[in-house]
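Undergrad: With the sequence up front, the predicted model follows.
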Amino acid sequence: MENPDEDRPVDLATALAHARSPRPPGPDTPAGPAVPAWPGQPLPVPEAGPADLDPGALLRLSLAASDGTGRLRPAASAGALHPVDTELVVGADCALPPGRYGYDPLRHRVHPLGGQADGTPPGMTVELSVSARRTASHYGHRAWPLLLLDTGHAAAALFLAARALGTGEPELRLDGLTESPLAAVHIPPPVRVHRPDGPPAFGPSPIAPTPEELLARRSAPPPLPGTPTPDALRAVLMTAVRAGAGDLRWCVAVGPPGPGLMELAPDGTALRRCAAGEARPTLAAWAAGQAWIADAGAVLLARGCPADADEPHIRRTHLRAGFAVHLAHVIARRHGLSARPVGSWQQADLGAALGAPPGRDWIVHGLALGTLHADEENTT
């Protein structure tokens, strides 16, 4: 694993402790290339046949840039710096010939890196690593949690794109056990949908997002005022709890008339209060001093990752938090909410603030929510 500032190994536990400290980052430094210098001639992604996995469509719905600057992509990234790098391991039943490829999301091209390894499964495995320098160029010592969260968002974008295209069920590797790649998503070839009144066809799951829904997912600019309805908050919270199960706990901070922290009831059918009192101003101070959070309609929070967590635990909780917040963001938009991920947290020991032992229950990630978009507020 590389140090964001220097080309040498980094102690991830120490890096996380530095990121959680109140020390501000230094001046910006050069971000470096937006894409790795993949060797060889770039190739277009071929069109897929009806029975093959379509990597072109999959990558356009998940990782490809849609503007000349490379900032606008379907996966969220802190500061729109997009440090996540992508290698494709391709097997049978895919539009790309079997082998390993580097992916250029700015030009939507692939670079052949080698032939097919023995045991490569059908479809495509997307391996996700990071160029730490890109995020460190702006966030300095606060970079590593953001790098891991960004990787989780990228994995979620791939997962949802696969669902939208009707592939086989994606298989996630977000266990945090390896430094490179940090995460991987295996996407099998399309699944046949048998229609009783016609021939077999290929199609998306009835619960899948639409391609248009994925391409429209953007982080809303602040402010994000307006309290979401209980039904909308329950749907967002339920999505996060299911996607980020394991080491993380989830709650949502709400304001008046009953300010406090809410969580899902054990049966998942309703919200229940787990702490009383206005938390949003404190969250604003903890989130790199982003004052607008104090007036957000609500803030979804992932918490966990104690101060003594080992490196796999740190990687796993942050990858899972990014994955879950990305899915929750899509559900928030489906309920008409504006939403913006919040990844940088300092001194955010929520457990200690609620009276629990310190150092055990830190905020890992957040999603600010509102009912009124900034452009709507400016016209009223």
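TA: Received, thanks.
Undergrad: for this protein, what spans make up the helices?
TA: Secondary structure of the chain (DSSP state H): helices at 12-20, 55-60, 132-139, 143-165, 211-215, 230-243, 280-286, 311-334, 350-353, 374-378.
Undergrad: could those helices go into TSV alongside mean neighbour count?
TA: C-beta here means a position set from N, CA and C on the backbone, and glycine is covered the same way. Converted to TSV, these look like this (neighbours: other C-beta atoms under 10 Å):
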stretch	mean neighbour count
helix 12-20	18
helix 55-60	22
helix 132-139	23
helix 143-165	27
helix 211-215	16
helix 230-243	20
helix 280-286	19
helix 311-334	25
helix 350-353	19
helix 374-378	13
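Undergrad: least reliable of those going by mean pLDDT?
TA: Mean pLDDT is lowest for helix 374-378 among these, at a mean of 41.
Undergrad: Turn the helices of the chain into a markdown table, columns for distance to Ala184.
TA: A markdown table is the format used below for the helices of the chain (distance: least, C-beta to C-beta, whole Å):
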| stretch | distance to Ala184 |
| --- | --- |
| helix 12-20 | 19 |
| helix 55-60 | 14 |
| helix 132-139 | 19 |
| helix 143-165 | 8 |
| helix 211-215 | 20 |
| helix 230-243 | 17 |
| helix 280-286 | 32 |
| helix 311-334 | 11 |
| helix 350-353 | 31 |
| helix 374-378 | 36 |
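Undergrad: And these: which comes nearest Pro223?
TA: helix 374-378 (6.0 Å; C-beta to C-beta).
Undergrad: returning to that earlier point: which among the helices of the chain is found nearest to Met262?
TA: Checking the helices of the chain against Met262 by C-beta to C-beta gives helix 230-243 as the closest, at 6.9 Å.
Undergrad: between that closest one and helix 311-334, how big is the angle?
TA: Interaxial angle, helix 230-243 versus helix 311-334 (axes from the mean of the first three to the mean of the last three C-alpha atoms, to 10 degrees): 150 degrees.
Undergrad: Helix 230-243 to helix 143-165, inter-axis angle?
TA: Using the same axes, to 10 degrees: helix 230-243 against helix 143-165 is 100 degrees.
Undergrad: what does helix 230-243 contact?
TA: With C-beta atoms under 8 Å, 6 or more residues apart in numbering as the contact definition, helix 230-243 has outside contacts at 156, 228, 250-252, 254, 262-264, 268, 270-271, 298, 300, 302, 320, 323-325, 327-328, 331-332, 334-337, 367, 369.
Undergrad: Nearest to Asp104, out of the helices of the chain?
TA: helix 55-60 (10.1 Å).
Undergrad: can you list contacts of that closest one?
TA: Against helix 55-60 from outside (C-beta under 8 Å, 6+ apart): 45-48, 88, 90, 94-96, 103, 105, 108, 124, 158, 161-162, 165, 167, 187, 211.
Undergrad: Return the distance of that helix from the chain's centre.
TA: Its chain's average C-alpha position is 18 Å from that of helix 55-60, according to C-alpha atoms, centre = their mean, to the nearest Å.
Undergrad: Then stretch 349-368?
TA: Worked out by C-alpha atoms, centre = their mean, stretch 349-368 lies 20 Å from the chain centre.
Undergrad: Val254 - nearest residue in space that isn't next to it in sequence?
TA: Ala298 (5.0 Å; C-beta to C-beta, 6 or more residues apart in numbering).
Undergrad: looking at it, the one you found is touching Pro225, isn't it?
TA: No: contact criterion C-beta atoms under 8 Å: Ala298 and Pro225 do not qualify, at 10.5 Å.
Undergrad: So which of these two has more stuff around it?
TA: Ala298 (27 against 18; other C-beta atoms under 10 Å).
Undergrad: so what's the more buried one bridging to?
TA: Val254, Leu369 (DSSP bridges).
Undergrad: what residue ranges in the chain score low on pLDDT?
TA: 1-9, 192-207, 373-380 (pLDDT under 70).
Undergrad: now stretch 12-21, how far from the chain's geometric center?
TA: Mean-position distance between stretch 12-21 and its chain equals 20 Å (C-alpha atoms, centre = their mean).
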